[in-house]
Structure formats: C-alpha cells, structure tokens
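Colleague: One predicted model, sequence on top.
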Amino acid sequence: MNLQQLRIDIDNIDTQLITLLSKRFIATREIGKLKHQDNKDPIDTNRLNQLCDKWINESTEQEVNPELSLQILNTIHRYVVAEHKELK
Ligand SMILES: O=C(O)C(=O)C[C@]1(C(=O)O)C=C[C@@H](O)C=C1
C-alpha cells in the first residue's frame with residue numbers, strides 16, 4: 001500500500017474510533033443516570049480495576065503498548081466521572 005492508501009485507512013480507522021467512543025459515552029451516560037437515581041458514587045474502583053486488567057491483557061495480546069492503553073482508559077474514565085458528577 002502507498003502513503004495515500006494508508007492515510008485513507010487511518011482516516012477510516014479514526015472515524016471508527018470516534019464512533020466507538022460515542023457509543024461508549026452513550027452507555028456511560030445511561031449508567032450515570034442509574035447511579036444518580038440510586039444515589040451511588042460515580043467512581044467504582046473495583047470495576048475500574050477490572051477494566052484496567054482487561055485493557056492491559058487485550059492490549060498485550062494485540063501488540064498495543066499497554067501503557068498507552070491505560071492512559072487512554074484513565075482519560076476516558078476521568079471524563080465519564082466528570083459527566084456523572086455534573087448530575088449531582
Ligand atoms: O461501570 C460503571 O460503574 C461506570 O460508571 C462506568 C465506568 C467506565 O467508564 O467504564 C466509569 C466510572 C466507574 O468508576 C467505572 C466504570
């Protein structure tokens with residue numbers, strides 16, 4: 001593949017990443033509403049730890065740097081929690 005074809009691939013992959021991010025936030029906004037109704041803390045440390053393990057394992061399997069993946073997960077988590085706290 002040449003540079004132009006590879007960049008077309010990258011553009012399509014980036015669109016998919018943003019679509020997946022949007023779907024994830026649609027789900028977490030629903031979780032935020034449920035937690036708000038049930039008066040639950042926006043942060044669930046056990047669940048976050050499970051997610052970290054899963055992201056590390058799957059990243060390693062798929063040859064993605066797990067440190068990068070954890071930074072992405074932690075950034076997403078920070079924004080999710082900020083949205084949940086806005087409901088308070
Ligand atoms: O699963 C939850 O309880 C969520 O609120 C979602 C989520 C996530 O982004 O995956 C966000 C905050 C919690 O600390 C754990 C997980």
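Modeller: Looks like it arrived, so ask away.
Colleague: Counting by contacts, list what the helix of greatest length in the chain packs against.
Modeller: Longest helix of the chain, by residue count under DSSP state H: helix 3-37. Where contact means 3 or more C-beta pairs under 8 Å, 6 or more residues apart in numbering; DSSP states H and E, helix 3-37 is packed against helix 66-86. For the C-beta atoms, the positions are set from N, CA and C on the backbone; glycine is no exception.
Colleague: re the thing from before, tell me how far the longest helix of the chain lies from the chain's centre.
Modeller: Centroid separation between helix 3-37 and its chain, computed with C-alpha atoms, centre = their mean, to the nearest Å, is 8 Å.
Colleague: Sort out which residues of that helix are buried, please.
Modeller: Thr28, Gly32, Lys35 (16 or more other C-beta atoms under 10 Å).
Colleague: Show the average pLDDT along that helix.
Modeller: Mean per-residue pLDDT for helix 3-37: 98.
Colleague: follow-up on the earlier one: between the buried residues of helix 3-37, which sits nearest Val64?
Modeller: If you rank the buried residues of helix 3-37 by distance to Val64 using C-beta to C-beta, Thr28 comes first, at 21.8 Å.
Colleague: Let me see the contact set for that closest one.
Modeller: Thr28 makes contact with Val80, Glu83, His84, according to C-beta atoms under 8 Å, 6 or more residues apart in numbering.
Colleague: Could you tell me which of the residues you listed count as buried?
Modeller: Among the contacts of Thr28, those scoring as buried are Val80, His84 (criterion: 16+ other C-beta under 10 Å).
Colleague: which one among the contacts of Thr28 gets closest to the ligand?
Modeller: The ligand lies nearest to Val80 out of the contacts of Thr28, by C-beta to the nearest ligand atom, at 3.9 Å.
Colleague: Nearest to the ligand, out of the buried residues of helix 3-37: which one, please.
Modeller: Using C-beta to the nearest ligand atom, these come closest to the ligand at Thr28, 4.9 Å.
Colleague: This structure against the ligand: which residues are in contact?
Modeller: Thr28, Ile31, Ile43, Asp44, Arg47, Leu48, Leu51, His77, Val80, Val81 (C-beta under 6 Å from any ligand atom).
Colleague: Now list the buried members of those residues.
Modeller: Buried among the residues of the chain next to the ligand (16+ other C-beta under 10 Å): Thr28, Leu51, His77, Val80, Val81.
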